[in-house]
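Novice: My questions are about this predicted structure, shown below with the sequence.
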Amino acid sequence: MAVFIAVFSMVREFFSELRLYFCNEWIAAIPSHGLRKFFYRTVMGFHTGSKSSIFMHCTFDSAKHFFIGNNSVINAKCRLDTRGGITIGENVSISQEVIILTADHDLQSPHFQGRNKEVVIEDYVWIGTRATILPGVRIGQGAVIAAGAVVTNDVMAFSVVGGVPAKIIGKRSEGLLYSTYYCRLFQ
């Protein structure tokens, strides 16, 4: 019985890794948003809201644990570490090459213990190109993350942060009403 369980576990892990490889190397390169979105929903188990867009060449670290609300856009070449869970609200704009991490290691652990921490991005957030969001961060409604910033702590609603590590550099006006629906034919 133990051999059967071990073999079953190996086969399951193989197909899980194959699904990720197929998603990140083949599906991510298909120039049809509709086909990619279908795969993300049915095979990867992601929740993708109405009129949300995930552009080409975005990569994911696991199936499931990913939610994106209506009218939100993730531009090309983003890395989305979904192991700890990523929740993205509505009308969020994530620029190209952003990295969102949800897993790390406890550097004080003698066994280099891994940990997962969910990232939550609330409505109307704008994240600039090549910003990095670290595990466990919550980005409040309407906040702006400047290009290249490294976000290590929660970001208050309607604040503008930038730098390494990210610090408050400004305030954004409230009462946002726009829609970030943006879907290009071959993206």
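Specialist: Done, it's in.

Novice: can you pull out the helices in this protein?
Specialist: Here the chain has its helices, by DSSP state H, at 2-21, 33-42.

Novice: Save those as a markdown table, and put in mean pLDDT too.
Specialist: Output for the helices of the chain, formatted as a markdown table (pLDDT from 0 to 100):
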| stretch | mean pLDDT |
| --- | --- |
| helix 2-21 | 88 |
| helix 33-42 | 94 |
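
Novice: highest average neighbour count across these?
Specialist: Greatest average neighbour count among the helices of the chain goes to helix 33-42 (a mean of 15), per mean count of other Cβ atoms under 10 Å. Every C-beta, even on glycine, is put in place using the N, C-alpha and C of the backbone.

Novice: residues touching the residue most central in space within the chain, list them.
Specialist: Most central in the chain under Cα atoms, centre = their mean is Leu80, positioned 3.7 Å from the mean C-alpha point. For Leu80, the contact set (Cβ atoms under 8 Å, 6 or more residues apart in numbering) comprises Cys58, Thr59, Phe60, Asp61, Phe66, Ile74, Ile86, Ile100.

Novice: again with Ala143
Specialist: Listed by Cβ under 8 Å, 6+ apart, the contact set of Ala143 reads Glu122, Val125, Trp126, Val155, Met156, Ala157, Phe158, Ser159, Val160, Val161, Arg172.
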